[in-house]
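Undergrad: Predicted structure and sequence below. I'll ask about it afterward.
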Amino acid sequence: MNLRHEKATSGIERMPNRSLLYATGLTRRQMERPFIGICSSFTDLVPGHIGMRPLERKIEQGVCAGGGTPFLFYVPGICDGVAMGHTGMHYSLPSRELIADMVESIVQAHQLDGLALLTNCDKITPGMLMAACRLDLPTVCVTAGPMMSGRHAGRRLSLVRDTFEAVGLYKAGKLSEEDVVSLEMEACPGQGSCQGLYTANTMACLTEAMGMSLPGCATALAGSARKQRIAQESGEQVMYLLREGITARQIVTKASLENAIRIDMALGGSTNTTLHIPAIAHAAEVDVTLDDFDRLSRQSPQLTSLRPGGDFMMEDLEWAGGIPAVMKRLSPLLNTDCLGVTGATVAAVLEAAPEGDPAVIHTMDDPISAEGGIAVLKGSLAPDGAVLKQGAVSPEMMRFTGTARVFESEDDAMQYLREDRVAPRDVLIVRYEGPRGGPGMRESLALTAAVAGCGLGEKIAIVTDGRFSGGTRNLSIGHVSPEAAVGGPIALVQNGDEVRVDVPARKIDLLVEAAELERRRDAWTAPPPRFTHGWLARYERLVSSPARGAVLDPPQ
């Protein structure tokens, strides 16, 4: 094996380097073995990450069993649910870039030979995968697993439906204060990523589908013995990849990312994948665009219906056969010669996969929907595209024309809703919430959940240049590009304008004459930045369009 760490440890000139490493307690024999970084995102702040301590130990044991020397290091994690609804949410999407940069920095500074990435929640998983693709080392990803459902009054609970949406029910007088206390205590019973097919679990599923984690990893429940076994096997597998010379970019290819997108469509996953998959592709120097999402969505049926769009949860998908079973159902459409961290191809994984429970994972002959869960809309309101989780939209809302009610931030829209001013056929235009205008493209779940909870979900539309939680349902259209902060058409909308959405035709149009739009454009000026110092001020200057994954680009 060609060991990178020898650049820092071999020869008389590296005597000081070795001395510092010996100060950590290394033996001479450990110095000669491959140096494997275990990047953990453990934190006491995030339920999806509080159970990582035992998994760290298991990965270490696996690396040692495979003949390597493990080194544990950390990156931070943000819980989007806790950051929601206040200044903290500005930092969530930008943290993805920080995580990628930190992993890259530690690995390059210490010239590590391979990586095991221990992750779980929304921005941490794509950030780590971006780093893996930049570094192109033998790498295995371990997602820490979904949370079990809660229980109250004889029914199963999940975070989004039973807390975020419950806010609207309480305000509508349909829940008592006693109900509220019970739900907030019982909806999230312990460790793990939130129970439905929200962004964290969607990204775990796509990580497995693209081949970067072991089969079964995405749905193996947090805290389970199965998850601990997968963690140990993942540590061993890094050593196998190192011996075989298999690196991240041999796994993360155009073909494997297309497999991941197809599985996303089959699952009806989070719209945030349209940010994260292009960003991972950008790091791997592979071309993936919003057009690929729409093309593959039209070709790929939706086979599962998990919360928020349906009633099943991640634990049901686990018992039904997990991602291997979903891939087996979708196998005629997959690129089966792609390589994974097992060292085998997708075809080999499919051969060993279970058939799956048809009550949870439908067959291609009996799909939930003929098309995938995500649709990309374009038109005069979003020339570069907008994103919708069509798998969570009712049939009667697939074509909708309404009247614009314009808000310069999510907070203003929430205030309008709290004042009971929202009317049927409204289109809530929430702008200046994009990557640059936010900055940070704040995730909106409080607004969409409150709309659903108070019974307006089937009566109005929400359109924003910001983004939505994976827990969002109904006609919620995000990622409108170009965003308002750079003068996109969404910046020109005025109260009373008509907006037409045609999901089957993939269209979203502002029904205003071109001459009037040009007059408005001449009068438009960009708003001042919301942050003038600190990390977000830098982020705002560098971030690209959501249509390109909101990656950071050098200033032009």
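TA: The structure has been received and is ready for your questions.
Undergrad: quick check: longest strand of this structure.
TA: If you go by DSSP state E, the chain has its longest strand at strand 399-407.
Undergrad: right, and the helix or strand after it?
TA: Using DSSP states H and E, the helix or strand that follows strand 399-407 in sequence is helix 410-418.
Undergrad: got the angle for that next one vs strand 399-407?
TA: 110 degrees (axes from the mean of the first three to the mean of the last three Cα atoms, to 10 degrees).
Undergrad: Now do helix 410-418: which elements does it pack against?
TA: Under the contact criterion of 3 or more Cβ pairs under 8 Å, 6 or more residues apart in numbering; DSSP states H and E, helix 410-418 touches strand 399-407, strand 426-430, helix 446-453. All C-beta atoms are positioned from the backbone trio N, CA, C, and that covers glycine.
Undergrad: picking that back up, which residues belonging to the longest strand of the chain are considered buried?
TA: Neighbour-count burial for strand 399-407, counted by 16 or more other Cβ atoms under 10 Å, picks out F400, G402, A404, R405, V406, F407.
Undergrad: Going by distance to F468, which of these wins?
TA: Of all those, F468 sits closest to F407, with 15.2 Å by Cβ to Cβ.
Undergrad: give the contact list for M31.
TA: Applying Cβ atoms under 8 Å, 6 or more residues apart in numbering, we find M31 in contact with T9, R18, L21, Y22, T69.
Undergrad: How far off centre is stretch 45-61?
TA: 20 Å (Cα atoms, centre = their mean, to the nearest Å).
Undergrad: I'd like the mean pLDDT over that stretch, please.
TA: For stretch 45-61, the mean per-residue pLDDT is 98.
Undergrad: Could you measure from the residue nearest the centre of the chain over to L339?
TA: Geometric centre of the chain, nearest residue: T199, 4.0 Å, by Cα atoms, centre = their mean. Note on T199: its distance to L339, by Cβ to Cβ, to the nearest Å, is 26 Å.
Undergrad: Save the contacts of M31 as JSON lines, and put in secondary structure too.
TA: Converted to JSON lines, the contacts of M31 look like this (DSSP: H, G, I helix; E, B strand; the rest coil):
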{"residue": "T9", "secondary structure": "helix"}
{"residue": "R18", "secondary structure": "helix"}
{"residue": "L21", "secondary structure": "helix"}
{"residue": "Y22", "secondary structure": "helix"}
{"residue": "T69", "secondary structure": "strand"}
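Undergrad: Need those in a markdown table (columns: pLDDT).
TA: Output for the contacts of M31, formatted as a markdown table (pLDDT from 0 to 100):
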| residue | pLDDT |
| --- | --- |
| T9 | 97 |
| R18 | 97 |
| L21 | 97 |
| Y22 | 98 |
| T69 | 98 |
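Undergrad: Based on its surroundings, how many neighbours for Q30?
TA: 16 (other Cβ atoms under 10 Å).
Undergrad: what helix or strand is it on?
TA: Using DSSP H and E, the element containing Q30 is helix 28-32.
Undergrad: picking up where we left off before, between the helices and strands packed on helix 410-418, which gets nearest to P504?
TA: strand 399-407 (7.3 Å).
Undergrad: Report all helices and strands that that closest one contacts.
TA: helix 410-418, strand 426-430, strand 498-502.
Undergrad: got the buried residues for the first one?
TA: Residues E410, D411, A413, M414, Y416, L417 are the ones in helix 410-418 that count as buried (16+ other Cβ under 10 Å).
Undergrad: repeat for stretch 508-522
TA: By 16+ other Cβ under 10 Å, the buried positions in stretch 508-522 come out as I508, D509, L510, V512, L517.
Undergrad: What of stretch 458-468?
TA: Neighbour-count burial for stretch 458-468 flags K459, I460, A461, I462, V463, T464, D465, G466, R467, F468 (criterion: 16+ other Cβ under 10 Å).
Undergrad: any idea which of these is closest to D366?
TA: Among the buried residues of stretch 458-468, F468 lies closest to D366 (Cβ to Cβ), at 28.8 Å.
Undergrad: Surely the closest one touches A446?
TA: No - contact criterion Cβ atoms under 8 Å: F468 and A446 do not qualify, at 10.8 Å.
Undergrad: Just the terminal-to-terminal distance for stretch 478-493.
TA: One end of stretch 478-493 to the other measures 15 Å (Cα to Cα, to the nearest Å).
Undergrad: now do stretch 438-454
TA: Stretch 438-454 end-to-end distance (Cα to Cα) = 26 Å.
Undergrad: could the buried residues of stretch 508-522 go into TSV alongside secondary structure and pLDDT?
TA: Shown next, in TSV, are the buried residues of stretch 508-522 (DSSP: H, G, I helix; E, B strand; the rest coil; pLDDT from 0 to 100):
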residue	secondary structure	pLDDT
I508	strand	98
D509	strand	98
L510	strand	98
V512	coil	97
L517	helix	96
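Undergrad: okay if I get the buried residues of strand 399-407 as TSV plus pLDDT and distance to Q195?
TA: Below are the buried residues of strand 399-407 laid out as TSV (pLDDT from 0 to 100; distance: Cβ to Cβ, whole Å):
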residue	pLDDT	distance to Q195
F400	97	30
G402	97	32
A404	98	35
R405	98	33
V406	98	35
F407	97	31
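Undergrad: Make CSV out of those residues and add distance to A65.
TA: Shown next, in CSV, are those (distance: Cβ to Cβ, whole Å):
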residue, distance to A65
F400, 57
G402, 60
A404, 61
R405, 60
V406, 60
F407, 56
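Undergrad: any chance you could map the strands in the stretch 301-450 of the chain?
TA: Listed in chain order, the strands of the stretch 301-450 of the chain (DSSP state E, counting those that start in this stretch) span 375-379, 382-388, 399-407, 426-430, 443-444.
Undergrad: Can you tell me what sits against the fourth one?
TA: By Cβ under 8 Å, 6+ apart, the list of residues contacting strand 426-430 from outside reads 402-407, 409-410, 412-413, 416, 422, 444, 447, 459-466, 490, 493, 499.
Undergrad: again, only using 6 Å
TA: 402, 404-407, 410, 413, 460-464, 493, 499 (Cβ atoms under 6 Å, 6 or more residues apart in numbering).
Undergrad: Can you tell me which of these is closest to M52?
TA: E410 (31.3 Å).
Undergrad: wouldn't that closest one be in contact with S444 here?
TA: Yes - using Cβ atoms under 6 Å, E410 is in contact with S444, at 5.2 Å.
Undergrad: so the longest strand of the chain versus strand 498-502, what angle?
TA: Orientation of strand 399-407 against strand 498-502 (the same axes, to 10 degrees) gives an angle of 140 degrees.
Undergrad: can you dump the C-alpha coordinates of strand 399-407 into PDB?
TA: The C-alpha trace of strand 399-407 is given here as PDB (Å, rounded to 0.1, in the frame of the first residue of the first chain):
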ATOM      1  CA  ARG A 399     -52.900  22.500 -11.100                       C
ATOM      2  CA  PHE A 400     -53.400  25.800  -9.200                       C
ATOM      3  CA  THR A 401     -53.900  29.400 -10.000                       C
ATOM      4  CA  GLY A 402     -53.900  31.900  -7.200                       C
ATOM      5  CA  THR A 403     -53.300  35.500  -6.000                       C
ATOM      6  CA  ALA A 404     -49.900  36.600  -4.800                       C
ATOM      7  CA  ARG A 405     -49.400  37.800  -1.200                       C
ATOM      8  CA  VAL A 406     -45.800  39.000  -1.000                       C
ATOM      9  CA  PHE A 407     -43.500  38.800   2.000                       C
END
